[in-house]
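Peer 1: Make a model of this:
(one chain, ligands or ions: 1)
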Amino acid sequence: MGRKSFREKRRELVRKLISDGILRTPGVIRAFLAVPREEFVLPEYRDSAYGDYPLPILKNQTISAPHMCAIMCEALGIEPGNKVLEVGTGSGYHAALCAEITCPSRKRTEGYVLSVEIYEELAEFAKENLERTGYDDRVFVVVYDGSQGAPTGEEFDRILVTAAAPRVPQPLVELLAAPGKMVIPVGTGFFQGLVLVEKDEQGNVARRDLGGCVFVPLRGKYGYRRI
Ligand code: SAH
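Peer 2: Below is the predicted model:
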């Protein structure tokens, strides 16, 4: 399968997500057209890289379905130059999308993504994928329990959590800049609601439900399971 046909499949998927009304914003659409999902899946799934469903990665985890990445990116409204925190690096694909929005390859900004992953093995997998695709200068991967926040203690304009939490972890609300936005799946281990947490300039926090979703469980101190 040559690169050209991956590019063609990527364009088709983007066209479908636009016609379904899921992809709407030019910066998000550009990111979906730029990031090669086939470089973030396991080699045996490369030919399925542009199916709109999750795929298994290592440690029984999954790379999220493209439409779910799109819903989260659109809800976050990442602006160029934003500092973004991702909890749950997995393959690194969603982090690369966010990096392409906050710091586009064609028009670099100060924006970057700090992505934290609880499993060393997945952090290594993601780092290799990000290096190969040239995002390692804008995405920094750290092994850390992201349910407790980030190792640096800095604030973030945008936070995305890509694993399901029993409730919104307070340490993450505290790391959110004012103004800032976070998206996080909240619910049981089997089914969750995607929640948008918005902090205004005064630091007031509001919460909006965006609909149902299914994610693997968040582990760690404020997650479901300790490891
Ligand atoms: N965003 C990923 C998909 C992630 S699947 C992608 O684009 O591929 C969820 C990930 O969250 C898994 O890799 C899992 O190991 C990680 N995870 C679960 N609990 C975590 C925690 N407390 N801190 C950091 N990562 C966590």
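
Peer 1: Looks like Arg46 contacts Glu38 (just checking).
Peer 2: Yes - counting by C-beta atoms under 8 Å, Arg46 sits close enough to Glu38 to count as a contact (4.8 Å). C-beta here means a position set from N, CA and C on the backbone, and glycine is covered the same way.

Peer 1: Spatially central residue for this protein, please.
Peer 2: Nearest to the mean C-alpha position of the chain, by C-alpha atoms, centre = their mean, lies His94 at 3.7 Å.

Peer 1: For it, which non-adjacent residue is spatially closest?
Peer 2: For His94, the nearest residue in space outside its immediate sequence neighbours is Cys69; the separation is 5.1 Å by C-beta to C-beta, 6 or more residues apart in numbering.

Peer 1: is the host helix or strand of that neighbour up against the ligand anywhere?
Peer 2: Secondary structure assignment for Cys69, by DSSP states H and E: helix 66-76. No - in this structure, helix 66-76 remains apart from the ligand according to C-beta under 6 Å from any ligand atom; the gap is never smaller than 6.8 Å.

Peer 1: Mind giving me the packing neighbours of that helix?
Peer 2: With contacts defined as 3 or more C-beta pairs under 8 Å, 6 or more residues apart in numbering; DSSP states H and E, helix 66-76 has these neighbours: helix 3-19, helix 26-34, helix 93-102, strand 156-161, strand 176-187, strand 192-199, strand 205-213.

Peer 1: got the CA positions of the shortest one in CSV?
Peer 2: This points to strand 156-161. Extracted in CSV, the C-alpha atoms of strand 156-161 (Å, rounded to 0.1, in the frame of the first residue of the first chain):
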residue,chain,number,x,y,z
PHE,A,156,-2.6,24.5,30.2
ASP,A,157,-5.0,26.4,27.9
ARG,A,158,-6.5,23.1,26.8
ILE,A,159,-6.6,19.6,28.4
LEU,A,160,-7.9,16.4,26.8
VAL,A,161,-8.3,13.2,28.6
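
Peer 1: Test my guess that Leu172 contacts Val186.
Peer 2: No - counting by C-beta under 8 Å, no contact exists between Leu172 and Val186, whose distance comes to 11.4 Å.

Peer 1: And the residue nearest to the centre of the chain, how close does it get to the ligand?
Peer 2: Separation of His94 from the ligand (C-beta to the nearest ligand atom, to the nearest Å) stands at 3 Å.

Peer 1: check contacts around that residue.
Peer 2: The contact partners of His94, by C-beta atoms under 8 Å, 6 or more residues apart in numbering, come to Ser64, Cys69, Met72, Glu86, Leu160, Thr162.

Peer 1: Just name the closest of those residues to the ligand, please.
Peer 2: Comparing the contacts of His94 against the ligand with C-beta to the nearest ligand atom picks out Thr162 as the nearest, at 3.6 Å.

Peer 1: List the buried residues of the least confident helix or strand in the chain by mean pLDDT.
Peer 2: Every helix and strand in the chain was compared by mean pLDDT, DSSP states H and E; the lowest is helix 3-19, with a mean of 93. Counting neighbours by 16 or more other C-beta atoms under 10 Å, one finds that the buried residues in helix 3-19 are Phe6, Lys9, Arg10, Leu13, Val14, Leu17.
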